[in-house]
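[1] Quick check, what structure comes out for this input:
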Amino acid sequence: MLTQVRRLAPAVGLATHLGHGVQRIATDGTIGHIRALPRRVSDLDAAYLSRLLGRTVTAVAVLAGDAGTSSRARLALTGSGVPESVFVKIPAETAATRLMGELGRLAHTEVRFYDQLSAGLTGVPRCHGSGFDPLTGRFVLVLEDLAAGPCEFPDTLHPLDKDQAGLVVELLARLHAAFWERLPSWAYTASGDHTSLLTGPLLKLSSRKLADRTDIDVASGRFIDEHYRAVARLLDRPPHTVTHGDAHPGNVYFRDGAAGLLDWQAVRRAHPGRELAYTLITSMTTDDRQAAEHDLLDRYRHALSAAGGPDLAADELWQRYRMGALYAYTAAVITAGMGGMQTEDIALAGTRRAVAALADLDTVALLKKLL
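    Numbering: from 1, shown residues only. Prediction:
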């Protein structure tokens, strides 16, 4: 009986979490118009922004906008002591996209990060103001407009060289050192979340889709597809720190010789090997990664210790890094297989790198040994 309860508990938790997200969206559709948070970019008028920023805004103009897991826009501001422009994020317009965000707690996570964790960190866009409505799930983030300054924004099709990757791993080291085993209660592991029940089925479906329409050898990851929950729990063994959770090249920027990270909506507690593998595998060409990864991991270890973190053993970090390739594989395959989150050329390039890493890091054999 106890075994049956344990097996049912994750499914019940997922159903409850999904129901909560659906309820928020339904509530927003019913009474959202009378709540305090904006529903459209056009609602971000001078009066609202004055209250949020705590400074007088006299005029607002939309410079540009797009949509993804949230609605985003660049706004020009006029007023007393306000920035000339800001970057804003509010909920996506479609219910389906909002539900995806609710499943991942994306909005609440990012607002919490800026409100509770970002102070004192380097490589983080400045937050001018934020709000979150727990009843409807609506949020607003008013951030520094990085596009207005001399920033470089890479992506998967413009991979990082060793020097750039080194700047990123040093930034990650400072983040990880700041929160090493000092974790906020709301930060959870990817494998410990109820929504992890969906990852395995999505991974299998995505693998089949990619096998049917590309020449990528996703069969090399079949063991991960079939045993996702077990290997994910293995990867998420402590010690833990706060991780960005989605530090692929599209969420990286460079300014004044330093690296920064965008989109803090997937913050998780995890071992750093998970994040390092995901970042280096997706950010560098396979040949460059293979040539540089040992040096970059050493650079990370020294930076972590220098920032007040622990002295990690090289062999232990290497093993956890090899295990972390399963995260790069899982994220890349689902992104490419399901579509809609990245352009296809970027998604497929990331998947090819992730599949290559499974082979050269011998990740599947290591997971089989450790299970």
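[2] any chance you could map the helices in the stretch 251-371 of the chain?
    272-283, 286-306, 314-338, 344-360, 363-370 (DSSP state H, counting those that start in this stretch).
[3] now, of those, which is deepest in the fold?
    helix 272-283 (a mean of 27; mean count of other Cβ atoms under 10 Å). Glycine gets a C-beta too; all of them are placed from N, C-alpha and C.
[4] then it to CSV, C-alphas only?
    Taking Å, rounded to 0.1, in the frame of the first residue of the first chain, the C-alpha atoms of helix 272-283 are listed here in CSV:
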residue,chain,number,x,y,z
PRO,A,272,27.4,23.0,-10.9
GLY,A,273,28.4,20.1,-13.1
ARG,A,274,24.9,20.2,-14.6
GLU,A,275,25.1,23.9,-15.5
LEU,A,276,28.7,23.8,-16.8
ALA,A,277,28.0,20.9,-19.1
TYR,A,278,24.9,22.5,-20.5
THR,A,279,26.6,25.8,-21.1
LEU,A,280,29.9,24.6,-22.7
ILE,A,281,28.2,21.9,-24.8
THR,A,282,25.6,24.3,-26.3
SER,A,283,27.9,27.4,-26.5
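[5] Wait, residue 74 touches residue 62, no?
    Yes: using Cβ atoms under 8 Å, residue 74 and residue 62 qualify as a contacting pair, with a distance of 7.5 Å.
[6] So between these two, which is more surrounded?
    Taking other Cβ atoms under 10 Å, residue 74 and residue 62 do not tie; residue 74 has more neighbours (18 against 13).
[7] quick one: that one from residue 44, how far?
    Separation of residue 74 from residue 44 (Cβ to Cβ, to the nearest Å) stands at 11 Å.
[8] got any residues that touch both of the two?
    residue 88 (Cβ atoms under 8 Å, 6 or more residues apart in numbering).
[9] which residues touch stretch 360-371?
    Around stretch 360-371, the neighbours that count as contacts under Cβ under 8 Å, 6+ apart are 220-221, 223-224, 227, 230-231, 234, 277, 286, 290, 319, 321-323, 325-326, 329, 357-358.
[10] from the chain's centre, how far out does that stretch sit?
    25 Å (Cα atoms, centre = their mean, to the nearest Å).
[11] same deal with stretch 72-80?
    Centre-to-centre, stretch 72-80 and its host chain are 26 Å apart (Cα atoms, centre = their mean).
[12] Kindly report the same for stretch 195-214.
    That offset, for stretch 195-214, works out to 19 Å (Cα atoms, centre = their mean).
[13] same deal with stretch 338-345?
    With Cα atoms, centre = their mean, you get 16 Å for stretch 338-345.
[14] Could you measure from residue 247 over to residue 63?
    For residue 247, the distance to residue 63 - Cβ to Cβ - is 27 Å.
[15] who has more neighbours, the two?
    Remark: of residue 247 and residue 63, residue 247 carries more neighbours, 27 against 14, as counted by other Cβ under 10 Å.
[16] now that one, what's its secondary structure?
    Following DSSP: H, G, I helix; E, B strand; the rest coil, residue 247 is assigned to coil.
[17] Phi and psi next, for the closest residue to residue 184 other than its chain neighbours.
    Spatial nearest neighbour of residue 184, chain neighbours left out: residue 116 (6.3 Å); criterion: Cβ to Cβ, 6 or more residues apart in numbering. Residue 116 adopts backbone torsions of phi -110, psi -30, taken as degrees, to the nearest 10.
[18] Show the model's pLDDT score for residue 116.
    Per-residue pLDDT puts residue 116 at 97.
[19] just checking, it touches residue 187?
    No: in this structure residue 116 lies outside contact range of residue 187 using Cβ under 8 Å: 10.0 Å.
[20] Specify which residue of the two has the higher count of neighbours.
    Comparing residue 116 with residue 187 by other Cβ under 10 Å, the one with more neighbours is residue 187, at 20 against 10.
[21] pLDDT score for residue 97?
    Residue 97 carries a pLDDT score of 81 in this model.
[22] what's the answer for residue 9, then?
    60.
[23] Just give the nearest non-adjacent residue to residue 24, would you?
    Closest residue in space to residue 24, ignoring its immediate chain neighbours: residue 137 at 3.9 Å, by Cβ to Cβ, 6+ apart.
[24] so what's the one you found up against?
    Contacts for residue 137 (Cβ under 8 Å, 6+ apart) come out as 21, 24-25, 28, 91, 98, 101-102, 107-108.
[25] Mind checking which of these are buried?
    Those of these that meet the buried threshold are 21, 24-25, 28, 91, 98, 101-102, 107-108, by 16 or more other Cβ atoms under 10 Å.
[26] Which segments of the chain make up each domain?
    2-148, 151-370 (automatic domain parsing).
[27] Those: lowest mean pLDDT?
    For the domains of the chain, mean pLDDT drops lowest on domain 2-148, to a mean of 87.
[28] still on that earlier bit, any idea which of the helices of the stretch 251-371 of the chain gets closest to residue 208?
    Judged by Cβ to Cβ, the one of the helices of the stretch 251-371 of the chain that comes nearest to residue 208 is helix 314-338, at 7.8 Å.
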